[in-house]
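[1] the sequence isn't on hand, but the structure is:
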């Protein structure tokens, strides 16, 4: 998976997965950093989250949760250029394979984002 993991999740999902994730990463001797996702897959949120890890040589960005969390995780990984792993909270979500939708901070559709690289695991 990598030696430095950046985790992005909203409060509700993090409350559910936090203990299990921390235990697993500690057991595997993997360093991690967690930042809360604020709920909108916006340019501002993507830049903010990417900025937290820019100088830390993140090897993988991980996003458990719903569609906007997964979209944001993919965008942050695209900015930083490491691999990413997503864990959809609901099996019917298409964010694991969809193009990224960008919203304003108010939740209004803004644009589509095209990725710089293809991920073979998709």
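    Everything's here; your move. This is a predicted model, so every value here is computed, not measured. Numbers count the residues shown, from 1 in each chain.

[2] helices and strands of this protein: which one bottoms out on pLDDT?
    Lowest by mean pLDDT, DSSP states H and E among the helices and strands of the chain is strand 100-103, with a mean of 78.

[3] can you tell me the strand partners of the next helix or strand after that one and which way each runs?
    Using DSSP states H and E, the next helix or strand after strand 100-103 towards the C-terminus is strand 109-113. According to DSSP bridges, strand 109-113 forms sheet pairs with strand 100-103 (antiparallel).

[4] what separates the strand it pairs with from the chain centre, distance-wise?
    13 Å (Cα atoms, centre = their mean, to the nearest Å).

[5] isn't residue 71 right up against residue 100?
    Yes - using Cβ atoms under 8 Å, residue 71 is in contact with residue 100, at 4.9 Å. Glycine gets a C-beta too; all of them are placed from N, C-alpha and C.

[6] list residues touching both of those two?
    Common neighbours of residue 71 and residue 100, using Cβ atoms under 8 Å, 6 or more residues apart in numbering, are residue 41.

[7] I'd like the average pLDDT over stretch 72-86.
    Averaged across stretch 72-86, the pLDDT comes to 86.
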